[in-house]
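Participant: Got a sequence here, can you model it:
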Amino acid sequence: MTHVTTRIIREEHAALSAMLRSIPLLLAQHRRQGTQPDFAALRAMLFYVDEFPEQRHHRKETQLLFPLLRRRTALAHAVLDHLDEDHASGEKSIRDLEHALLGYEMMGEPRRQAFEQAAERYVNFYLAHMLVEEQQILPLAEQVLTDADWAELDAAFSANCDPLTSHGHAPEADYRALFTRIVNLVPAPIGLGAAG
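Facilitator: Purely as a prediction, here's the structure:
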């Protein structure tokens, strides 16, 4: 049986993955064309990554899901510790990437390569992080958590309101506006994949 929490985490990962994968595609497209990227689109995308996954999604994993797993099994403590470290460093990582983007926007072409490399590292790191959660942590949670654990998690994760997934309920107006702005700024050939 797949629980609400598991479905929501996977949906949020899919939405975030589409957003993250769009960043290097957008950069590559502009590099090929010899043009500067739409900095407003990139700022909006990075703001979304900072605002929703870093501030809400990760906190619920670290504060709710991971402690419950630690109580029910010792099988994944090292993996959970590593994921918690990723979450703890996530805020600094996204700030560093936002700073690199600002440097590129303000200083121009000499900062393009540094930003593109930082973006690629961040995207690869984040995609690998989500893969570990999906391939190791979520299947383990399905095996070891109790019905009471799932009830607690399902209530907390159902309260998430990711503008890219919305889980059958309307996202907050400000997040809806952010999502609409991103979709309107990102060129159609790139789009946001399944999340769009």
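Participant: count of neighbours near residue 21?
Facilitator: 16 (other CB atoms under 10 Å). Using the backbone N, CA and C atoms, a C-beta is placed for each residue, glycine as well.
Participant: what helix or strand is it on?
Facilitator: In the assignment (DSSP states H and E), residue 21 maps to helix 4-33.
Participant: And the very next helix or strand once past that helix, what's buried?
Facilitator: Heading C-terminal from helix 4-33, the first helix or strand you meet, by DSSP H and E, is helix 39-49. By 16 or more other CB atoms under 10 Å, the buried positions in helix 39-49 come out as 41, 42, 43, 44, 45, 46, 48, 49.
Participant: Just the angle for helix 39-49 relative to helix 4-33, thanks.
Facilitator: 160 degrees (axes from the mean of the first three to the mean of the last three CA atoms, to 10 degrees).
Participant: by contact count, what packs against helix 39-49?
Facilitator: Judged by 3 or more CB pairs under 8 Å, 6 or more residues apart in numbering; DSSP states H and E, the packing partners of helix 39-49 are helix 4-33, helix 77-107, helix 173-185.
Participant: Give the rounded mean pLDDT of the helix holding residue 21.
Facilitator: Model confidence over helix 4-33, given as mean pLDDT, is 90.
Participant: now it against helix 77-107, angle please.
Facilitator: Using the same axes, to 10 degrees: helix 4-33 against helix 77-107 is 30 degrees.
Participant: Pull out the buried positions in helix 4-33.
Facilitator: Across helix 4-33, burial judged by 16+ other CB under 10 Å covers 5-6, 8-24, 26-27, 30.
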